[in-house]
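Enquirer: coords below, sequence missing:
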């Protein structure tokens with residue numbers, strides 16, 4: 001087992017990742033470079049190279065950081081609820097609340113997923129991942145739990161998870177000025193309640 005990175009190292013890596021998120025929001029994936037990230041983070045490119053092997057490494061760590069933060073926020077809220085129905089409503093509410101308060105993170109996430117490619121030149125969004133997305137897993141567990149406790153009717157939990165996650169993800173792409181997230185959430189909850197009850 002390798003030793004854990006020191007607190008200073010972790011703090012420095014997080015500083016670089018946060019600068020990467022802001023840079024992605026400002027200039028997009030296509031125009032990003034270590035020099036531009038370094039300028040935003042107010043560090044040298046050499047320091048970034050000390051902590052990350054290359055630009056792709058920075059972007060991969062940024063993607064993991066974005067997904068981990070989002071999952072942690074939603075999971076914490078869901079865990080506070082007891083019934084499957086309350087967990088489901090909290091999942092939707094927390095997912096949309098996170099998007100509403102983390103617009104820059106959403107942009108960075110979309111920029112990476114739709115522009116990054118694997119060493120085999122496959123776009124990230126096309127990569128079939130054996131490790132299920134933890135948010136899908138969490139949502140499926142809530143739906144399965146609701147079926148076991150008879151709170152929910154019988155339906156394909158995978159399909160319903162995809163529908164709910166799709167509706168949540170689609171709202172990320174809406175122009176925030178002409179889009180009322182609260183109204184959208186209420187409509188989504190009404191629709192989902194009809195589907196699961």
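Expert: Everything's here; your move. Every value quoted in this text rests on a predicted model; they were computed, and no experiment measured them.
Enquirer: If we go by neighbour counts, what in the helix or strand that contains residue 139 is buried?
Expert: If you go by DSSP states H and E, residue 139 is part of helix 134-148. Residues of helix 134-148 classed as buried: 135, 138, 139, 140, 142, 143, 145, 146, 147 (neighbour count, 16 or more other CB atoms under 10 Å). Quick note: C-beta positions are derived from backbone N, CA and C, even for glycine.
Enquirer: any chance you could map the helices in this protein?
Expert: 7-27, 34-41, 45-51, 55-79, 84-101, 103-115, 134-148, 157-172, 181-196 (DSSP state H).
Enquirer: show me the contacts for the residue nearest the centre of the chain.
Expert: In the chain, the residue lying closest to the centroid (CA atoms, centre = their mean) is residue 67, at 3.8 Å. Shown in contact with residue 67 (CB atoms under 8 Å, 6 or more residues apart in numbering): 109, 134.
Enquirer: Ok, residue 63 next?
Expert: Residue 63 touches 109, 112, 113, 116, 124, counting by CB under 8 Å, 6+ apart.
Enquirer: distance from the centroid: which residue in this protein tops it?
Expert: Centroid-distance maximum for the chain: residue 150 at 30.2 Å, with CA atoms, centre = their mean.
Enquirer: ok, now how distant is it from residue 91?
Expert: Distance, residue 150 to residue 91, using CB to CB, to the nearest Å: 19 Å.
Enquirer: Also residue 32?
Expert: Distance from residue 32 to residue 91, by CB to CB: 32 Å.
Enquirer: returning to what we had before: I'd like the helices of the chain written out as JSON lines, with mean pLDDT added.
Expert: Listed next are the helices of the chain as JSON lines, based on pLDDT from 0 to 100:
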{"stretch": "helix 7-27", "mean pLDDT": "95"}
{"stretch": "helix 34-41", "mean pLDDT": "97"}
{"stretch": "helix 45-51", "mean pLDDT": "96"}
{"stretch": "helix 55-79", "mean pLDDT": "96"}
{"stretch": "helix 84-101", "mean pLDDT": "95"}
{"stretch": "helix 103-115", "mean pLDDT": "91"}
{"stretch": "helix 134-148", "mean pLDDT": "95"}
{"stretch": "helix 157-172", "mean pLDDT": "91"}
{"stretch": "helix 181-196", "mean pLDDT": "95"}
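Enquirer: contacting residues for residue 118?
Expert: Per CB under 8 Å, 6+ apart, neighbours of residue 118: 124, 127.
Enquirer: what's the pLDDT at it?
Expert: Here the pLDDT value assigned to residue 118 is 83.
Enquirer: And the one 5 residues further on, by the same measure?
Expert: Reading off the confidence values, residue 123 has pLDDT 82.
Enquirer: Also residue 132?
Expert: At residue 132, pLDDT is 69.
Enquirer: Same question for residue 81.
Expert: With respect to pLDDT, residue 81 has a value of 96.
Enquirer: Thought residue 90 was touching it, still the case?
Expert: Yes - applying CB atoms under 8 Å as the test, residue 81 and residue 90 come out as touching, 5.0 Å apart.
Enquirer: Looking at these two, which one has more neighbours?
Expert: Shown here are residue 81 and residue 90; by other CB atoms under 10 Å, residue 90 has more neighbours (18 against 15).
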